[in-house]
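J.: I need the structure of the sequence given here:
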Amino acid sequence: MNDEIDLAGVGIGPFNLSIAALADDLPELRTRFFERRERFAWHPGLLFPGSRMQTSFLKDLVTAVSPTSPHSFINYLVEHGRFHAFLAAESSAIERLEFADYLGWVAGRLSSLRFGLEVRDVRSVPGGFELRHDHGRTLARHVVLGTGRVPAVPECARAHLGPKCFHAIDILARPLHLQGARVAVVGGGQTGAEVVLELLRGAWGEVAELAWVSRRLNFEPLDES
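T.: Take a look at the predicted model:
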């Protein structure tokens with residue numbers, strides 16, 4: 001596949017998915033977005049049941065820029081026959097599981113996305129950039145990098161990474177059995193709080209001791225967290 005386009009995106013997370021959804025309303029703009037994963041996924045290892053978004057559902061992929069876009073969260077509700085039920089619930093925040101499903105729904109509607117295709121190299125060339133990937137090369141006038149953040153692991157913990165010391169980003173994908181264990185959760189943000197709640201609920205067995213450690217002076221959850 002050797003082609004020339006106006007805009008290329010490397011990585012398909014919420015940021016580039018938002019750009020792709022907005023660009024879908026501009027047929028004159030030639031776009032292509034590349035993702036090495038086989039399908040769209042948004043923090044699958046952190047989608048705890050009952051976990052809620054910290055921001056309004058109106059802060060979806062498109063509404064702030066294009067309120068009438070067919071890729072809005074409101075249209076997602078309409079297409080799934082749930083708009084009136086959502087209104088009746090009078091909820092200002094939605095569950096992460098629902099938002100993840102919305103993101104996947106949008107990803108399935110866009111023809112500009114290419115999954116299972118890793119960009120190996122990006123080079124500056126006259127008039128733009130050359131992207132080399134598994135299927136050839138693409139010339140693009142502009143490139144947007146949306147490769148996501150790398151999980152932060154303290155230097156002191158890196159040598160101990162393994163089945164008993166790990167980042168929480170994939171905790172739901174791990175076969176944990178913590179009955180009678182002594183557990184420490186490091187981090188006072190939303191993810192740390194949700195992991196602590198799951199531990200208190202006995203999701204992986206009843207622990208013998210639980211310590212929640214944070215460098216913050218206190219815990220300040222948002223109203224909808």
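J.: Going by C-alpha atoms from here, please, whenever you check contacts or count neighbours.
T.: Fine.
J.: could you give the mean pLDDT of the host helix or strand of residue 193?
T.: Per DSSP states H and E: residue 193 is located in helix 190-200. Mean pLDDT, computed over helix 190-200, is 92.
J.: okay, now residue 144: neighbour count?
T.: For residue 144, the count of nearby residues is 14 (other C-alpha atoms under 10 Å).
J.: Quick check: closest non-adjacent residue to the residue nearest the centre of the chain.
T.: Central residue of the chain (C-alpha atoms, centre = their mean): residue 42, 3.2 Å from the mean position. Excluding the flanking residues, the one nearest residue 42 by C-alpha to C-alpha, 6 or more residues apart in numbering is residue 100, at 6.0 Å.
J.: pretty sure that neighbour is in contact with residue 40, am I right?
T.: No: with contact defined as C-alpha atoms under 8 Å, residue 100 and residue 40 do not form a contacting pair (9.5 Å).
J.: Please say which of these two ends up with more neighbours.
T.: More crowded of residue 100 and residue 40, by other C-alpha under 10 Å: residue 40, with 21 against 17.
J.: Look up the closest residue to that one, ignoring the ones flanking it.
T.: Residue 40's closest residue in space is residue 104 (C-alpha to C-alpha, 6+ apart), at 6.2 Å.
J.: any idea whether that neighbour is helix, strand or coil?
T.: Per DSSP: H, G, I helix; E, B strand; the rest coil, the secondary structure class of residue 104 is helix.
J.: mind listing the strands for the protein?
T.: Assigned by DSSP state E, the strands in the chain fall at 2-10, 31-35, 113-115, 119-125, 128-133, 136-145, 182-186, 209-213.
J.: need those in TSV with mean pLDDT and distance to residue 192, can you?
T.: Below are these laid out as TSV (pLDDT from 0 to 100; distance: least, C-alpha to C-alpha, whole Å):
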stretch	mean pLDDT	distance to residue 192
strand 2-10	90	29
strand 31-35	96	28
strand 113-115	96	31
strand 119-125	94	33
strand 128-133	95	37
strand 136-145	95	28
strand 182-186	96	6
strand 209-213	95	8
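J.: Could you say which one of those strands comes nearest to residue 16?
T.: Closest of those to residue 16 is strand 2-10, at 6.4 Å (criterion: C-alpha to C-alpha).
J.: what about this structure, any weak spots by pLDDT?
T.: Regions of the chain meeting the criterion pLDDT under 70 cover residues 1-2, 220-225.
J.: Identify the residues contacting residue 93.
T.: Counting by C-alpha atoms under 8 Å, 6 or more residues apart in numbering, residue 93 makes contact with 52-57, 224.
J.: Select only the buried ones of these in PyMOL?
T.: Burial among those is assessed by 16 or more other C-alpha atoms under 10 Å; the matching PyMOL selection reads:
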select buried, resi 52+53+54+57
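J.: Show me the two of the contacts of residue 93 that sit farthest apart.
T.: Pairwise distances across the contacts of residue 93 (C-alpha to C-alpha) peak at 11.7 Å, for the pair 57 and 224.
J.: Near the closest residue to residue 153 other than its chain neighbours, how many other residues are there?
T.: Distances taken as C-alpha to C-alpha, 6+ apart place residue 167 nearest to residue 153, at 7.0 Å, with adjacent residues excluded. Counted by other C-alpha under 10 Å, the residues lying close to residue 167 total 14.
J.: list the contacts for residue 167?
T.: 151-153.
J.: quick one: contacts for residue 127?
T.: residue 141.
J.: most packed of the strands of the chain?
T.: Of the strands of the chain, the one with the most neighbours on average (mean count of other C-alpha atoms under 10 Å) is strand 31-35, at a mean of 22.
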